[in-house]
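> dropping a prediction and its sequence here:
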Amino acid sequence: MAVARTAARQPLRVSAHGSAAFDLADAPAAAAPAALSTPRAGRLRFVDVAKGMSIVLVAFGHSHLVPMNDLAAEANRVLGLVRMPFFFFLSGLFFRPSKPFGILAREKSDSLLKPYLVTLGLVGLVRVLTAGASPAAQGARVLYGVGTSIDMPWAPLWYLAHLWLVFPCAWVLVRGAAAMRLPRGIRGVLLAASFLVGLSCLHLFRDLPIVVGGLHAPLSGLPFSLDALGITTTYFLLGFALRERVSRFRPNLTLVAALLLVFVAVDGVFHPRLDINHRIADPPLAAAACSLIGIYLGLCAAHVVSATGRLGTAFAFFGFHSLFVLIFHSYFEARCRELLSAVVAPPPGLGTAATAYLASVFLAAGIGVVIRRSAFLSALYLRRARGRSADGAALAPRPL
């Protein structure tokens, strides 16, 4: 408990080698914990816990529990109002617009675009060699970069491609507003307008009649989810704007109770849905209200969980390895479900689905431990340190 309180009082810190210590792939500096242990010093524990909670809920939304059970499906609808907005918010906490654009673009290409291309490139190569898939078709799907072009179990990687776009977009907005000396109120109004217009128009990009890589099924969204930037950049910049408040965050019980009542009321009346990947925001205002309230409630939940022992440590572990949980959880969930279905008396039920879901999260995080311990694999998936040592020798990839 004392450790949690000490960590919660630490200011948000930015690595000397990177801009976003809590981005999915921007944490290569220190050795990853081999077991469920507290992530490296200098990281704000409750933000790691928040990331861990968010990625575990993302994996839940992709699990077989949702289509098998009405209660799980309803829970998934409600959680969908918060999960991805919360993730974009957390990604914005350590955004540094003071960096030159070229350095920012290079770092984000290394930390976000590289694992996206490496993973889907390897998947495409396997499909070409084993299933006779067309290399051009596989490449076109990857370069289009939306969930419906990538297909499961790798569709969650759309987030990496899109977050890569969010960073330069946010840089241009922040630097442009500063250059024009726009008052803070005007900036907020413009951002809110972009947010609401983006949510209101999101459905226009659903099921577009575009053929990519031989895929004739309708696609949702423009390449790399360009059409969703007005929405996601707002969550991202909200995290950036509130980074100092988050570093000193303490839940306000009165505000928690009031916001929880509002969330329940709005959800009960409007039954909103928010799924950026599938271009659903219905109704837009209700979905926006619930997502913003959900970010605050998510921070409160993470703050409470971070003060616990094993539970907080477990979620911090998943948060530290969130890149790998994002990439690999759906693949492991499908393989575990197939294996369990083969050994368990039919028909497989909720127990099989729940076991596969939990196993997939642990296995995906375990892959993260393995990758961080391998210089070769970490060079493929994590951002490399650049520059030279004191004696002028070129620096190797950050040791893991």
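Ah, there it is.
> and for stretch 351-367, what's in contact with it?
Residues outside stretch 351-367 that contact it (C-beta atoms under 8 Å, 6 or more residues apart in numbering): 55-56, 59-60, 63-65, 68, 317-318, 321, 324-325, 327-334, 336-337, 340-341, 344. In short, each C-beta sits where N, CA and C put it, glycine included.
> run the last query once more with 6 Å
With C-beta atoms under 6 Å, 6 or more residues apart in numbering as the test, stretch 351-367 has contacts from 56, 59, 63-65, 68, 318, 321, 324-325, 328-329, 332-333, 336-337, 340, 344.
> what's the helix or strand where residue 75 lies packed up against?
Here residue 75 sits within helix 70-80, counting by DSSP states H and E. Taking 3 or more C-beta pairs under 6 Å, 6 or more residues apart in numbering; DSSP states H and E as contact, the helices and strands that helix 70-80 lies on are helix 65-68, strand 273-275.
> return the set of buried residues in it.
72, 75-80 (16 or more other C-beta atoms under 10 Å).
> same question for stretch 193-209.
Buried residues in stretch 193-209, counted by 16+ other C-beta under 10 Å: 194-196, 198-199, 202, 205-206, 208.
> please compute how far it lies from its chain's middle.
Relative to its chain's centre, stretch 193-209 lies at 20 Å (C-alpha atoms, centre = their mean, to the nearest Å).
> which residues make contact with it from outside it?
With C-beta under 6 Å, 6+ apart as the criterion, stretch 193-209 contacts 218-221, 227, 230-231, 234, 279, 281, 284, 288.
> dump the buried residues of helix 70-80 to CSV, plus distance to residue 254 and pLDDT.
Shown next, in CSV, are the buried residues of helix 70-80 (distance: C-beta to C-beta, whole Å; pLDDT from 0 to 100):
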residue, distance to residue 254, pLDDT
72, 32, 94
75, 26, 96
76, 30, 96
77, 28, 97
78, 23, 97
79, 24, 96
80, 27, 95
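> ok, back up a step: now the buried residues of stretch 193-209 in a markdown table, with distance to residue 172, pLDDT and secondary structure?
Formatted as a markdown table, the buried residues of stretch 193-209 follow (distance: C-beta to C-beta, whole Å; pLDDT from 0 to 100; DSSP: H, G, I helix; E, B strand; the rest coil):
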| residue | distance to residue 172 | pLDDT | secondary structure |
| --- | --- | --- | --- |
| 194 | 13 | 94 | helix |
| 195 | 17 | 96 | helix |
| 196 | 20 | 95 | helix |
| 198 | 16 | 95 | helix |
| 199 | 21 | 96 | helix |
| 202 | 22 | 95 | helix |
| 205 | 21 | 94 | helix |
| 206 | 27 | 91 | coil |
| 208 | 26 | 87 | strand |
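> looking at the residues you listed, which one is closest to residue 129?
Closest to residue 129 out of those is residue 208 (30.7 Å), distances taken as C-beta to C-beta.
> so what's the closest one bridging to?
As for beta bridges, residue 208 partners with residue 219 under DSSP bridges.
> mind listing the helices for the stretch 101-250 of the chain?
101-108, 114-131, 135-144, 147-150, 158-179, 184-201, 229-241, 243-247 (DSSP state H, counting those that start in this stretch).
> and of those helices, who's closest to residue 369?
helix 114-131 (15.6 Å).
> so where's the stretch 301-400 of the chain uncertain?
For the stretch 301-400 of the chain, the stretches with pLDDT under 70 are 345, 385-400.
> could you redo the last one with a cut-off of 90?
308-309, 340-351, 383-400 (pLDDT under 90).
> same check, this time on the stretch 51-200 of the chain
Scanning the stretch 51-200 of the chain for pLDDT under 90 picks out 94, 131-134, 136-138, 140-141, 148-149, 151-152.
> good, we can wrap up now.
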